[in-house]
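Colleague: show me the folded form of this:
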Amino acid sequence: MQSKPILDRAQLLLSQGRAAAGEQKWSEAEAKLTEALQLGGQLDPGETDVPVMAMLALAQLSYDRGEAGEAVHRATTAFALSAESNDAGGWQLPLYELMASLFEEMGAPQRSVAFRHALVGMWRGLEGGGSANAKRNCVRLAASLKRLGLYQQAAGAYQEAAALEHAADWAEALSLSGQHEEAHRMYQRAHSSGEPAADILTRMGRMFIAWGRLTQALHCFEEAAKLQPGAKAGWADALLLSGETNRAREMAESAVSQWRADGSEELVGGLETLSRAGARQGDLESAEAHCREAIQLMDQRRIPDLTARERRLRWHAELLERLGRGADAARAIQQAGQAAAIRSQVPKLFPSNGNAA
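Modeller: Next up is the predicted model:
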């Protein structure tokens, strides 16, 4: 069979396979796309991107069927095939989008950020500086960076996107990167835009803790608690730093009890607060147990915040050392170093200049 008939047949099968996938006829789609891939493999890769497109369609098929691991394998294979193709064709945007989404959904945002960053550039190249698709990807990139605990980069990405509709998240990233004045201004924007008052007050309270303004922090938490009774963990942090250890521990215990019942992700932070309060009272056994549980929950719930993970591991190591468990402490320090190493490997894409728009 000559190249032209092979190409025509492969393209027809590719189209039919995509249509079958759209109708959730999975077996038919798999068969047609696999045949298209095999036929495409007989062609000069410098003249057609059919193999890349077929493998991408198979990866999307796996993704749509909920087979994330297989989708990643197939998408990675599509990347390998694309290295032999001179034709960028229509595969780049959907392949990068698929890879970014897969890693985000699999709880590995550190692997998604390069794809999201590339998508920002691609969309701007196609649609110009005001591209809505570029902004969408930039906001998702910011969210991934924030989940990883890379707060300065996250703030820079929100700024790059001019994402004022995400003012509270932007402000939180600014605050966590130490840019408290800029964060305060952004929280005021979020508050004026009608975002939930209790959430804004709680986040502002945490900002004031980091800023060293404990009186203002306590005021924010007291006001938030009037609107949302569950806003207790941050309040406990502020009380602990203010020297009200007994009250802080009681409040942290109340928050942890509530969040256990709710299955809330906030439980992890509440356990850390409870651990620190227990240690302040000299209850090292309880403090160690709560810290250990916080770290275990991060693993079980696939919480990828590398900054928080490193902090908790180092705190756990300190507690273990104080309990005379030197070997366990050394292992915790080693794990903390591993978290720091992973964080350092994430590309530095958007170092914030600190100027909130």
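Colleague: quick one, helices of the stretch 101-250 of the chain?
Modeller: In the stretch 101-250 of the chain, the segments counted as helices under DSSP state H, counting those that start in this stretch are 109-127, 132-147, 151-161, 167-176, 180-192, 197-211, 214-227, 233-241, 245-262.
Colleague: can you redo the ones you listed as JSON lines with mean pLDDT?
Modeller: Output for these, formatted as JSON lines (pLDDT from 0 to 100):
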{"stretch": "helix 109-127", "mean pLDDT": "92"}
{"stretch": "helix 132-147", "mean pLDDT": "94"}
{"stretch": "helix 151-161", "mean pLDDT": "93"}
{"stretch": "helix 167-176", "mean pLDDT": "93"}
{"stretch": "helix 180-192", "mean pLDDT": "90"}
{"stretch": "helix 197-211", "mean pLDDT": "91"}
{"stretch": "helix 214-227", "mean pLDDT": "90"}
{"stretch": "helix 233-241", "mean pLDDT": "87"}
{"stretch": "helix 245-262", "mean pLDDT": "90"}
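Colleague: and the ones you listed as JSON lines, adding distance to residue 99?
Modeller: Placement of C-beta: from N, CA and C, glycine included. Putting these into JSON lines (distance: least, Cβ to Cβ, whole Å) gives the following:
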{"stretch": "helix 109-127", "distance to residue 99": "5"}
{"stretch": "helix 132-147", "distance to residue 99": "12"}
{"stretch": "helix 151-161", "distance to residue 99": "18"}
{"stretch": "helix 167-176", "distance to residue 99": "23"}
{"stretch": "helix 180-192", "distance to residue 99": "31"}
{"stretch": "helix 197-211", "distance to residue 99": "31"}
{"stretch": "helix 214-227", "distance to residue 99": "39"}
{"stretch": "helix 233-241", "distance to residue 99": "35"}
{"stretch": "helix 245-262", "distance to residue 99": "33"}
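Colleague: can I get those in CSV including distance to residue 7 and mean neighbour count?
Modeller: CSV is the format used below for the helices of the stretch 101-250 of the chain (distance: least, Cβ to Cβ, whole Å; neighbours: other Cβ atoms under 10 Å):
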stretch, distance to residue 7, mean neighbour count
helix 109-127, 26, 19
helix 132-147, 30, 22
helix 151-161, 41, 25
helix 167-176, 47, 25
helix 180-192, 54, 19
helix 197-211, 56, 21
helix 214-227, 63, 18
helix 233-241, 61, 25
helix 245-262, 57, 18
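Colleague: name the residues of the helix or strand containing residue 51 that are buried.
Modeller: Counting by DSSP states H and E, the element that carries residue 51 is helix 50-64. Residues 50-63 are the ones in helix 50-64 that count as buried (16 or more other Cβ atoms under 10 Å).
Colleague: circling back: out of the helices of the stretch 101-250 of the chain, which gets nearest to residue 103?
Modeller: helix 109-127 (3.8 Å; Cβ to Cβ).
Colleague: other SSEs contacting that closest one?
Modeller: Applying 3 or more Cβ pairs under 8 Å, 6 or more residues apart in numbering; DSSP states H and E, we find helix 109-127 packed against helix 92-105, helix 132-147, helix 326-345.
Colleague: and it with helix 151-161, angle?
Modeller: Orientation of helix 109-127 against helix 151-161 (axes from the mean of the first three to the mean of the last three Cα atoms, to 10 degrees) gives an angle of 20 degrees.
Colleague: who's in contact with helix 109-127?
Modeller: Residues from elsewhere that reach helix 109-127, judged by Cβ atoms under 8 Å, 6 or more residues apart in numbering: 92-93, 96-97, 99-104, 131, 133-134, 137-138, 140-141, 144-145, 147-148, 160, 304, 306, 342-343, 345-347, 349.
Colleague: which residues are in contact with stretch 209-226?
Modeller: Residues from elsewhere that reach stretch 209-226 (Cβ under 8 Å, 6+ apart): 175-176, 178, 180, 197-198, 201-202, 204-208, 231-232, 234-235, 237-239, 241-242.
Colleague: switch to 6 Å and redo it
Modeller: If you take Cβ atoms under 6 Å, 6 or more residues apart in numbering as the criterion, stretch 209-226 is touched by 180, 198, 201-202, 204-205, 208, 231, 234-235, 237-238, 241-242.
Colleague: other SSEs contacting the helix holding residue 51?
Modeller: For helix 50-64, the packing partners by 3 or more Cβ pairs under 6 Å, 6 or more residues apart in numbering; DSSP states H and E come out as helix 3-22, helix 26-40, helix 68-82.
Colleague: okay, those helices in JSON lines with mean neighbour count next?
Modeller: Listed next are the helices and strands packed on helix 50-64 as JSON lines, based on neighbours: other Cβ atoms under 10 Å:
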{"stretch": "helix 3-22", "mean neighbour count": "16"}
{"stretch": "helix 26-40", "mean neighbour count": "19"}
{"stretch": "helix 68-82", "mean neighbour count": "18"}
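Colleague: I am finished for the moment; much appreciated.
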